[in-house]
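Q: model the structure of this input:
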Amino acid sequence: MAYHDVLLINPPSRQREFYEHLGLGYLAACLRKQNVDVKILNMPHWMAPRALQEVKKYSCKLVGISVPFQRSAVQAFNFISRLKREGFETAHVAIGGIYPSFAYEEILSQFPVVDSVVIGEGEETIVELAEAIISGSNWKKISGIAFRENKDIVTTELRPLIEDLDAIPFPERDALPEVLEKLEHAPVLSSRGCYGRCTFCSVVPFFKKFGPSLRMRSSANVIEELEFLSKKYGVRNVDFNDANFIGGKGRGARRAQEIAELMQKKNLNIKFGIQCRPNEIDLELFTILKRAGLSKVFVGIESGSQAMLDRFQKDITVAENLKALEILSKLDLITYMGFITFDDRTTIHEYNENMAFIEKAKKLMPQNRLFYDLGTKLLPLAGTDAEKNMKERGILVGNSLKFDYKMDDLKMNYIYSAIKIKEDITRIGRKVRETDKEWTKDQP
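A: Modelled structure (predicted):
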């Protein structure tokens, strides 16, 4: 059994998606900078029994587990419970992420296997927590954590955000070689947060709780990391995981252009994808970005109904949404359209407006360039205005681990169910065809 001071785990998830967890990479970088021995275990795509057997190959003083997706939280806590029962009884288990930062009281009350919750950004907190636990000193005075004290939930002083993102070391990329074999692209985070105020998004409430809602790395610092990834790992495709890569039409747009121009100047030859808001999609800027390697864009359209856009506090118009798609089509960029067809107040009229918008979008863009999901229902994520509003209206059923709600218009519930059934049948059919193709290929 190999010993490491700290195990950082991205646990099995409900979606079984395969990706590199940049957050754990940043934590590992800060820990290793202080000579703390760290092992990263990236296992969101694994089944729980296999993941458990892998973790049991190691021993440690501190287990840090990320719970990044609220809908996979139950799986994460079940996994932690099994760890505690099967070999990690004495290790301190700390969890972190946007969701735990809002729901720490509920989590600590329901799951005694969790010893502490890191609230907010974890780079500085994890170092202090690890050093205290390894040395056997009092960890309960560390800023930015919550824990149980007898029957009470105690929170220490909130830790402010790190002002200068350039001062944080580049994330450790332990899982990147495997990721590149399967996905062929590397994730990069060039900023944290967003300036929007969307009711369904937990990103802005998370960062605003501790400091500014949006911080950006300098263009030079981003380019330095891209050069490192290119030279060390041969990276030729990058996905910027920023909630909002552009970051607004002023300073943010200038930074985006600087990054693009530096990528060309240094001949990086890297294709990349970004996420942004529709009102930031400008023909001149995106032409420069495409020239630098931009190939795909995830854009938060969210709705083709002005009433729904206003309800979501998108601060944008349907016309601006269509204009954004028109520009992306003109530049022949692969477009992933964030779209929320249903929320608790969706009416038949709004639904019809959404369907009409989809038809316009399909005419604007070639079929192989536009991707979206019609069966998306707004999720009342922890810490969001949407969650708060549904609680106030008394329609939110369950808790943050398992929640649901009925739409005011009963017809909308039936339409949503029908769309989901159709999508499930399509997905199953595709899986059967893929399995049959693989089986046939293996036959003599």
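Q: for this protein, which spans come out with low pLDDT?
A: Low-confidence segments of the chain (pLDDT under 70): 430-444.
Q: care to break it down by domain?
A: 2-155, 184-408, 410-439 (automatic domain parsing).
Q: dump those into a markdown table; add mean neighbour count and distance to D166 as well.
A: From N, CA and C alone the C-beta is placed, and that goes for glycine too. Formatted as a markdown table, the domains of the chain follow (neighbours: other C-beta atoms under 10 Å; distance: least, C-beta to C-beta, whole Å):
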| stretch | mean neighbour count | distance to D166 |
| --- | --- | --- |
| domain 2-155 | 19 | 13 |
| domain 184-408 | 18 | 4 |
| domain 410-439 | 12 | 42 |
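Q: would you list those in TSV and tack on distance to E163?
A: Below are the domains of the chain laid out as TSV (distance: least, C-beta to C-beta, whole Å):
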stretch	distance to E163
domain 2-155	11
domain 184-408	7
domain 410-439	43
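Q: what's near enough to touch the residue nearest the centre of the chain?
A: With distances taken as C-alpha atoms, centre = their mean, the chain has P68 as the residue nearest its mean C-alpha position (6.6 Å). Contact criterion C-beta atoms under 8 Å, 6 or more residues apart in numbering gives 10, 21, 23, 97-99 as the residues in contact with P68.
Q: mind checking what secondary structure it has?
A: Here P68 is coil, with the state taken from DSSP: H, G, I helix; E, B strand; the rest coil.
Q: equivalent analysis for I274, please.
A: What three-state DSSP gives for I274 is strand.
Q: before we move on, what about the one 10 residues further on?
A: Each residue gets one of three states, and E284 gets helix by three-state DSSP.
Q: how far away is it from E227?
A: Separation of E284 from E227 (C-beta to C-beta, to the nearest Å): 26 Å.
Q: do E131 as well
A: 32 Å.
Q: next one: Y3
A: Distance check for Y3 against E227: by C-beta to C-beta, it reads 35 Å.
Q: same question, P169
A: According to C-beta to C-beta, P169 and E227 sit 15 Å apart.
Q: what's the longest strand in this structure?
A: Across the chain, the longest stretch assigned as strand under DSSP state E is strand 294-302.
Q: so which elements touch that one?
A: For strand 294-302, the elements it packs on are strand 271-276, helix 318-330, strand 334-339, judged by 3 or more C-beta pairs under 8 Å, 6 or more residues apart in numbering; DSSP states H and E.
Q: so which of the ones you listed is nearest T384?
A: Of all these, the one in closest proximity to T384, counting by C-beta to C-beta, is strand 334-339 (15.1 Å).
Q: partner strands of that closest one and their direction?
A: Strand 334-339 has the following sheet partners, assigned by DSSP bridges: strand 294-302 (parallel), strand 370-372 (parallel).
Q: now the element after it, going C-ward?
A: Going down the chain from strand 334-339, the next helix or strand is helix 348-364, by DSSP states H and E.
Q: what packs against that following helix?
A: Using 3+ C-beta pairs under 8 Å, 6+ apart as the contact test, the elements touching helix 348-364 are helix 306-311, helix 318-330, strand 334-339, strand 370-372, helix 410-441.
Q: next, the angle from it to helix 318-330.
A: If you take axes from the mean of the first three to the mean of the last three C-alpha atoms, to 10 degrees, helix 348-364 sits at 20 degrees to helix 318-330.
Q: and I259, what element?
A: Taking DSSP H and E as the criterion, I259 maps to helix 253-265.
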